[in-house]
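**Q** Fold the following, please.
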Amino acid sequence: MLTSQQIRQKFLDHFAQRGHAIVPSAPMVIKDDPTLMFTNAGMNQFKDLFLGNSEAKHKRIADTQKCLRVSGKHNDLEEVGIDTYHHTMFEMLGNWSFGDYFKKEAIAWAWELLVDEYKIDKENIYVTYFGGDEKDGLPADEETRALWKQYMPEERILPFSRKDNFWEMGDTGPCGPCTEIHVDVRTAEEKKEKPGRDLVNNDHPQVIEIWNNVFMQFERKADGSLVELPAQHVDTGMGFERLCMVLQGKRSNYDTDVFQPLIQSIARLSFTVKEYGRDEKADIAMRVIADHVRAIAFAIADGQLPSNTGAGYVIRRILRRAVRYGYSFLAFTGPFLGVVIGKLEQVMGEQFPELRKQLPLILSVVQEEEQSFFRTLHQGIKRLEQIISEERIRIESLPGRKTDVFGKEMAISGPKAFELFDTYGFPIDLTQLMAREQGVKVDMAGFETELQKQKQRSRAATTISTSDWVELQAGETEFFGYDALGCNAKVLRYRKIVAKGSELFQIVLDRTTLYPEGGGQVGDQGWLIQGIDRIDVVDTKRENQLIVHFTKELPKDVEKSVMVQVNTQRRILTARNHTATHLLHHALRKHLGTHVEQKGSLVAPDRLRFDISHFSKVTPEELKTIEHEVNAMITEDIVFEDLRNVPIAEAKAMGAMALFGEKYGDSVRVVKFGPSVELCGGTHVPRTGVIGPFRIVSESALAAGIRRIEAITSVEAERMINGKLAKLEAIEELLKRPADVVAAVQKLAEQNAALSKELEKAAKEKVKRYASSIPAKAKTNGKGVKVLVEQIDLDAQGLKDLGFALREQHTDLAFVAGSVIDGKPLLAVSLGKAFTDATGLKAVDIIKQISPAIKGGGGGQPDFATAGGKEPGGMAEALKKAAELLG
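**A** Numbers count the residues shown, from 1 in each chain. The predicted structure follows:
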């Protein structure tokens, strides 16, 4: 039986022998495509080739690509692990042809690999082809059908509709018919009961699609029409995990050697299960965890840390789902994913070296996330218990009822169930389970309503409407921004987009000096000038391989040339901060250690932000040393060495530092400032001396093992320094210009501390005096307990201390005090135990009834409560109301 490693290698070898260049997987995290957060198909890294934005270096390519899917058909995150063949992170084996071979070769080579090399029984293979579409005016793909008839009988060649056999990149873009290869792995008895052809495309777990061959022939326009592509392409994708299931004779992807080492490590960790295959719920939990650790580990290795927004939120959600299943069904009460990730590195680290290299970071980040989420889970349990208690009190308050006013059983409302799901990460089935144990139901219809509202909000926030590109000329953009701030250019293409209700235009030029956002550096702003007209460029981005200029209007004549002009002042400030970032990186590695690697950055005109791998807080002394080092390199006025089109191997030999999570081509740009050598595409200053002063303004934790340093340079640093000098000048003026201003301030602080102690002592004495005099003023009410309502002169802390003292010393006393401090009214209610026992009154109820008089609100306990307000003039009314309540 072939191992998964052998299966993967045999695929790559098969296509290498047929003239395909074998390329590495692209990062799973996507940097420059606004339509995607993660690579979700093998073709993503070749999208520009299909769109015609760049030339293909190789006409034939094959690879294995890390992919992540958490939404769409069959990819609802909440369903992963429930069945046996869908995943979040998966490998996609693929082969591509860019204007070279087409259907004949693709089908022949697929058959040769599956039948001749992998030895799949051809009697178990079914294929599908595009059966035509009347709406698009497309006939059936008879060419594909005829090619398959050379290898198999016609009863196993099945036509399907556009839904299953016409692949599209999105609402617009390249598309075409496809042919899918399915394999029936059922037992002989099952095959006798029902033929496999009846189960193809019917979500049967043992009659599954393993390979899709897409034949790119058309481009879908924004109006829905199709036009023929100038060149025909092949794009194929074979699910690696499913292929392993077929070749290893398993009934589930999770039974293969891709997942079993992970599942067995999870089983050994659990004190309650110990073995996979004995309990259905535990098995689902182990499948969920085994699947999810792959997504989590590879995402972090590729540069995406868990967070509360965007792609980071997706990773956090996946991680928390894994923890929830471990907590709910395997009795894990503390971090456990690290052990499974260690096993993952053993299984996949050789094929994907980034996993091995980033393992310490992955383990550290995951452990902190787990610890945080376990705390959140415990808070969620408390919140659930509170919700159930509130619901029980509500029901009990309805005389003689065991149901609410609508006749329903006691239930947790949909919005509250969703609060538990969204805020505390509770899966709805866990909420149902815990509620059922206490005889409480969950309003599932209401929960689903809230869930759909959230999905709609999410979709609305990310929806971008784009029209078709209007093509004026063919060509690619040449970037001249390293050497000039302006140039003449022609418009190659443009289109209108609507994002978040705002209308913008995207313009692609044949030449530009505006830098597109990338490598942490923000995009340039500037102008497109045509005669007397001046159009603002509000942003510049790289979308796939296009440099796109965002404007609010088009040039009056898009056929005529425009003058591209960078906002010079903004560019200069940004360049200063970018060079300072490189100097900071060098200083950090020099003084903290070479383990420091860049994990993210932001370079803007007014600030820079730099995230690094470092497992402890950078001390103030270290920060001071690092800041001094950077300023010394600035003072040294080091000249910029700009080395372009350097072979990647040569650049690495020079010791050039690469950006975390970036993918580099065969040739790169090396940016050198003395000892600082990095791969970088950003803009920089000609000499370090023009940066000006450099100041670190903050250091903080971003995630486990990740520190964030924020700094300013140039104008902003000067502004900060001048501001501090102005404050110092003001302090010296206030202190009558002492010889040593620091000593003078220290003396003032000591005097203030001494006075504060005296005031605190006096306040305590004041409370003692009130505590000794008040009981004598109290009057006995009709129930034989003592009552006193009085306005006194104490602050909030004094009222609290007095109330606690009276409550302990005089258990039969009820005392309500009012006070006005600096125009703010305060109320306090203190009830002794004997008083509450005799009257049944509660301090918190009294405070809620009297505090409206001072336009305030408060709360507390049955024996002590306080309130603050806005209307001191209502104090007399509040105290009068209290006297009436106390009798």
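
**Q** Please enumerate the strands of the stretch 701-850 of the chain.
**A** When assigned using DSSP state E, counting those that start in this stretch, the strands of the stretch 701-850 of the chain occupy the ranges 706-713, 779-780, 786-791, 813-821, 824-831.

**Q** So which of those is nearest E345?
**A** strand 706-713 (19.4 Å; C-beta to C-beta). C-betas here are computed from N, CA, C, even on glycine.

**Q** thinking again about what came up before, between the strands of the stretch 701-850 of the chain, which one is nearest to R317?
**A** R317 sits nearest to strand 706-713 of all these, at 19.4 Å, using C-beta to C-beta.

**Q** From the contact counts, what lies against the closest one?
**A** The helices and strands touching strand 706-713, judged by 3 or more C-beta pairs under 8 Å, 6 or more residues apart in numbering; DSSP states H and E, are helix 568-592, strand 608-613, strand 694-703.

**Q** Identify all contacting residues around it.
**A** Identification of contacts with strand 706-713 by C-beta atoms under 8 Å, 6 or more residues apart in numbering yields 305, 361, 365, 576-577, 580, 584, 588, 599, 606-614, 617-618, 623, 691-702, 720.

**Q** which stretch among the strands of the stretch 701-850 of the chain comes nearest D133?
**A** Checking the strands of the stretch 701-850 of the chain against D133 by C-beta to C-beta gives strand 706-713 as the closest, at 49.8 Å.

**Q** Tell me which strands that closest one pairs with, and in which orientation.
**A** Counting by DSSP bridges, the strands paired with strand 706-713 are strand 608-613 (antiparallel), strand 694-703 (antiparallel).

**Q** got a markdown table for those strands, with mean pLDDT and mean neighbour count too?
**A** Shown next, in a markdown table, are these (pLDDT from 0 to 100; neighbours: other C-beta atoms under 10 Å):
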| stretch | mean pLDDT | mean neighbour count |
| --- | --- | --- |
| strand 608-613 | 94 | 22 |
| strand 694-703 | 94 | 17 |
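
**Q** Looking at the ones you listed, spot the one closest to A295.
**A** Counting by C-beta to C-beta, A295 lies closest to strand 694-703 out of the strands paired with strand 706-713; the figure is 16.9 Å.

**Q** Quick check: chain neighbours aside, which residue is closest to T84?
**A** S252 (3.5 Å; C-beta to C-beta, 6 or more residues apart in numbering).

**Q** what about that neighbour, distance to V340?
**A** Distance, S252 to V340, using C-beta to C-beta, to the nearest Å: 18 Å.

**Q** More neighbours: which of these two?
**A** Between S252 and V340, counting by other C-beta atoms under 10 Å, V340 is the more crowded of the two (25 against 16).

**Q** Check which helix or strand that one maps to.
**A** Using DSSP states H and E, V340 falls within helix 337-348.

**Q** Average pLDDT for that helix, rounded please.
**A** Helix 337-348 comes out with an average pLDDT of 95.

**Q** Buried residues of that helix, list them for me.
**A** Neighbour counts over helix 337-348 (16 or more other C-beta atoms under 10 Å) mark L337, V339, V340, I341, K343, L344, E345, V347, M348 as buried.

**Q** quick check, nearest of those residues to D171?
**A** Using C-beta to C-beta, those come closest to D171 at M348, 34.5 Å.

**Q** and the nearest residue to the closest one once chain neighbours are set aside, helix, strand or coil?
**A** Leaving out its chain neighbours, the residue that sits closest to M348 by C-beta to C-beta, 6+ apart is L355, at 5.9 Å. Three-state assignment for L355 (DSSP: H, G, I helix; E, B strand; the rest coil): helix.

**Q** now swap in the one 5 residues further on and tell me
**A** Judged by three-state DSSP, the three-state class of P360 is helix.

**Q** residue contacts, the residue nearest to it when sequence neighbours are not counted?
**A** Nearest residue to P360 in three dimensions, chain neighbours excluded: G705, at 7.2 Å (C-beta to C-beta, 6+ apart). By C-beta under 8 Å, 6+ apart, G705 lies in contact with P360, L361, S364, V365, S613, H614, F615.

**Q** could you check the distance from the closest residue to the last one other than its chain neighbours over to S364?
**A** It stands for F615. Nearest residue to F615, sequence neighbours excluded (C-beta to C-beta, 6+ apart): G705, at 5.1 Å. For G705, the distance to S364 (C-beta to C-beta) stands at 4 Å.

**Q** where do the contact lists of those two overlap?
**A** Residues touching both G705 and S364 (C-beta under 8 Å, 6+ apart) are F615.

**Q** Show me where the stretch 751-887 of the chain has its helices.
**A** Using DSSP state H, counting those that start in this stretch, the helices assigned to the stretch 751-887 of the chain run over residues 796-809, 833-839, 843-850, 875-886.

**Q** Distance check, K31 against G856.
**A** According to C-beta to C-beta, K31 stands 53 Å off from G856.

**Q** for V690, same thing?
**A** 58 Å.

**Q** Give me the more crowded residue out of those two.
**A** A direct count of neighbours by other C-beta under 10 Å for V690 and G856 places G856 higher, at 21 against 14.

**Q** Run a quick neighbour tally on the residue lying closest to that one once chain neighbours are set aside.
**A** Leaving out its chain neighbours, the residue that sits closest to G856 by C-beta to C-beta, 6+ apart is G869, at 2.6 Å. Using other C-beta under 10 Å, G869 has 21 neighbouring residues.

**Q** is it true that G869 touches G823?
**A** No: in this structure G869 lies outside contact range of G823 using C-beta atoms under 8 Å: 10.8 Å.

**Q** Is the residue lying closest to L472 once chain neighbours are set aside bridged to anything, and to what?
**A** In this structure, L472 finds its nearest non-sequential neighbour in V491, 5.5 Å apart by C-beta to C-beta, 6+ apart. For V491, the beta-bridge partners under DSSP bridges are L509.
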